[in-house]
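**Q** this one's structure only:
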């Protein structure tokens, strides 16, 4: 059996630590693990399966003899280093937005479009966390009943903006409870002009605004959905719109999703039957006993939780549902490792003759 040398790029971050955990639990036969981070973290140690691994500085040379790269160190780092890893023979699964919209790079949720992996040219992109959980819940519906339109409003946890941002929200909450003034320095976007507290607040901005008034997070959900489901980020046949909101939750994104199916005779009962057996989905839908998905109960779990399924009584074939998933696991680390598992299972851990080099 072939064994693999796996490098984790961004090993010290919130997603990086979970990449280590998910790789420990994966089916990938690991020969060696390399933990990569910035120069300031080099020399420190982290554990993999009880063994202390010394962190190395992420440079092009460290990818020599690496088979798989699992990357979550920021888009700029991925843009700079992953083509270098591919040149040295590694296949990369990238958790940033750096390559998602590149036509030559597959954008993959394994439960939805695993077949896209067969077209990879050395780099596979992990979709946006909010897109992933929506795809897991909607793809089985699309497959059986057709899908014409999606309208989604997200309730996205603070951890989606990184550990520093999460720490700021928790600090703000302490200030508020102590009667002190809250001062935001990161949310909604660290690089934007104004900042607001997130604790005890809601911010209808994630990422910067585009010229049309949509935030870039909303733009990503729209075009990633089309690329994953339709194979074309601009496909007009599937109508998608999004409103993305940051909420004072630690871990776990929630989504209120309205969707219109091609089958206008579809019932709630048929939808629930479909989702009961859908891969990666856990149906939690019992209003009589107040059972529905929640971030607190989804934290630490790989699955996507679906509930509050209701028919739009004004429009046949249209429905509402509520979706929750751990944004650091299925939304990031687990989906990344899951892609790597499928690459291994399908004997796709090799760079093709025409690799993607940026």
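**A** Arrived safely. Everything quoted here is computed from the prediction, not taken from an experiment. Numbering: from 1, shown residues only.

**Q** any idea how this protein splits into domains?
**A** Using automatic domain parsing, the domain parsing of the chain gives 4-126+333-345, 131-326.

**Q** Counting neighbours, what do you get for the residue nearest to residue 316 when sequence neighbours are not counted?
**A** Of all residues not flanking residue 316 in the chain, residue 264 sits nearest, at 4.3 Å (Cβ to Cβ, 6 or more residues apart in numbering). Quick note: C-beta positions are derived from backbone N, CA and C, even for glycine. Counted with other Cβ atoms under 10 Å, the neighbours of residue 264 add up to 12.

**Q** what's the answer for residue 79, then?
**A** 14.

**Q** Enumerate every residue touching it.
**A** By Cβ atoms under 8 Å, 6 or more residues apart in numbering, residue 79 lies in contact with 98-99, 358.

**Q** ok, 10 Å please
**A** When contacts are counted by Cβ atoms under 10 Å, 6 or more residues apart in numbering, residue 79 touches 94, 96, 98-99, 358.

**Q** Kindly report the same for residue 272.
**A** 283, 285, 306-307, 309.

**Q** And for residue 119?
**A** 104-106, 348, 352.

**Q** Save those residues as a markdown table, and put in pLDDT too.
**A** A markdown table is the format used below for the contacts of residue 119 (pLDDT from 0 to 100):
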| residue | pLDDT |
| --- | --- |
| 104 | 95 |
| 105 | 98 |
| 106 | 98 |
| 348 | 98 |
| 352 | 90 |
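
**Q** Only the buried members of the residues you listed: can you turn that into a ChimeraX selection?
**A** To isolate the buried subset of the contacts of residue 119 in ChimeraX, counting by 16 or more other Cβ atoms under 10 Å, use the following:
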select :105,106,348
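
**Q** and the contacts of residue 272 as TSV, adding neighbour count and distance to residue 237?
**A** Shown next, in TSV, are the contacts of residue 272 (neighbours: other Cβ atoms under 10 Å; distance: Cβ to Cβ, whole Å):
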residue	neighbour count	distance to residue 237
283	20	28
285	20	29
306	29	24
307	20	28
309	20	24
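
**Q** who's the residue nearest to residue 308 when sequence neighbours are not counted bridged to?
**A** Closest residue in space to residue 308, ignoring its immediate chain neighbours: residue 322 at 3.8 Å, by Cβ to Cβ, 6+ apart. Per DSSP bridges, the residues bridged to residue 322 are residue 256, residue 307.

**Q** For this structure, just list every one of the strands.
**A** With strands called from DSSP state E, the chain shows them at 4-9, 30-37, 45-48, 51-54, 56-57, 68-71, 91-94, 123-125, 149-156, 239-246, 253-260, 281-283, 304-311, 318-325.

**Q** TSV for these, including distance to residue 221?
**A** Listed next are these as TSV, based on distance: least, Cβ to Cβ, whole Å:
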stretch	distance to residue 221
strand 4-9	25
strand 30-37	29
strand 45-48	33
strand 51-54	36
strand 56-57	34
strand 68-71	21
strand 91-94	18
strand 123-125	15
strand 149-156	7
strand 239-246	4
strand 253-260	9
strand 281-283	19
strand 304-311	15
strand 318-325	12
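
**Q** So for residue 193, which of these sits nearest?
**A** Closest approach to residue 193 among the strands of the chain (Cβ to Cβ): strand 239-246, 16.7 Å.

**Q** Please report the distance of residue 44 from residue 150.
**A** For residue 44, the distance to residue 150 equals 43 Å [Cβ to Cβ, to the nearest Å].

**Q** more neighbours, those two?
**A** residue 150 (22 against 13).

**Q** Look up how far residue 259 lies from the more buried one.
**A** Residue 150 is 5 Å from residue 259, by Cβ to Cβ.

**Q** go on, residue 351?
**A** From residue 351 to residue 259 the distance is 38 Å (Cβ to Cβ).

**Q** tell me the mean pLDDT over the lengthiest helix in the chain?
**A** Looking across the chain with DSSP state H, the single longest helix is helix 129-145. Mean pLDDT, helix 129-145: 98.

**Q** Next: stretch 206-215.
**A** The model assigns stretch 206-215 a mean pLDDT of 97.

**Q** do stretch 180-192 as well
**A** Mean predicted lDDT for stretch 180-192 stands at 96.

**Q** What are the buried residues along it?
**A** Buried residues in stretch 180-192 (16+ other Cβ under 10 Å): 182, 184, 186-189.

**Q** Go through those residues and say which is closest to residue 10.
**A** Distances from residue 10 to the buried residues of stretch 180-192, taken by Cβ to Cβ, are shortest for residue 186, at 18.6 Å.

**Q** ok, residue 61 touching residue 36?
**A** No: between residue 61 and residue 36 no contact is recorded; they are 11.2 Å apart, counting by Cβ atoms under 10 Å.

**Q** where exactly do the helices run in the stretch 101-250 of the chain?
**A** Under the criterion DSSP state H, counting those that start in this stretch, the stretch 101-250 of the chain contains helices at 110-113, 129-145, 163-177, 216-230.
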